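Asker: Predicted coordinates and the sequence they were generated for:
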Amino acid sequence: MRLVCPTCGAMHSLEGLCSDAHARAVAQMMGKIPPQIADQVVCYLGLFRSLGATPPRALAWNRAAKLLAELASPIADASVTRHGRLWPAPLEYWSAALEDVLAARDRLTLPLRSHGYLYQVVVAIAAKAEGRRESTSIAQARGATPIGYQGTPQIPPSSTTSTLPSSAMPRSVPSPEFLALVEERRKRGEWREE
């Protein structure tokens, strides 16, 4: 049985791959990558092979195994540590980041040396999502409708109109009975406007 690498075009026999310890390690590591992003990861690994050589050199199995081992852990943990902070990184962030990196292939300096650029794209996606969550929670705490919100705004039960400044108090039209009572008390001198 012959296998063809979709990234570099190299042909191998399945038996030959299974006899190579590093190739087995790559197969085991690929088993740890979620199937939803496995194709993207394989294409991403292609960014690590040397294209400048003639003919272009294939990515060595031991290097591919090392790269996959470095990548499998943060994907499984659904987080990435960057600049001393742990960022949430669910599978959707990884998929979007891999897509962005692969789309930027022509602008990158290849071959890539580390996962730093990918991690930075994941962090940018996480930071953007965090900003959206914060703006939504702040807007909801204020009782306002966040930008782009499609539902009915919910006012938190802890907020009351007495804690709002007078300029933010809702204005209502007084009833005719109330106005008559105020006028009657004003005539008697019992009503003072302060």
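Answerer: Nice, thanks for sending it over.
Asker: dump the residue contacts of the residue nearest to Gln120 when sequence neighbours are not counted.
Answerer: Distances taken as CB to CB, 6 or more residues apart in numbering place Arg82 nearest to Gln120, at 6.8 Å, with adjacent residues excluded. Every C-beta, even on glycine, is put in place using the N, C-alpha and C of the backbone. The contact partners of Arg82, by CB atoms under 8 Å, 6 or more residues apart in numbering, come to Tyr119, Gln120, Val122, Val123.
Asker: For the protein, just list every one of the strands.
Answerer: Counting by DSSP state E, the chain has strands at residues 2-4, 11-13, 79-82, 85-88.
Asker: okay, these in TSV with mean pLDDT and distance to Ile33 next?
Answerer: Formatted as TSV, these follow (pLDDT from 0 to 100; distance: least, CB to CB, whole Å):
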stretch	mean pLDDT	distance to Ile33
strand 2-4	68	18
strand 11-13	69	20
strand 79-82	93	15
strand 85-88	94	19
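Asker: most tightly surrounded among these?
Answerer: strand 79-82 (a mean of 18; mean count of other CB atoms under 10 Å).
Asker: That strand pairs with which strands?
Answerer: Strands that pair with strand 79-82, judged by DSSP bridges, come out as strand 85-88 (antiparallel).
Asker: which residues are contacting the partner strand?
Answerer: With CB under 8 Å, 6+ apart as the contact definition, strand 85-88 has outside contacts at Ala78, Ser79, Val80, Thr81, Val122, Val123, Ala126, Ala127.
Asker: Mind doing that once more with 10 Å?
Answerer: Here strand 85-88 makes contact (CB atoms under 10 Å, 6 or more residues apart in numbering) with 74, 77-81, 93, 119, 122-127, 129-130.
Asker: what's the spacing between Ala64 and Val41?
Answerer: Distance of Ala64 to Val41, given as CB to CB, to the nearest Å: 10 Å.
Asker: what do the two both touch?
Answerer: With CB under 10 Å, 6+ apart, Ala64 and Val41 have common neighbours Met29, Met30.
Asker: and Ala72, what is it in contact with?
Answerer: Gln28, Met29, Met30, Gly31, Lys32, Ile33, Pro34, Val41.
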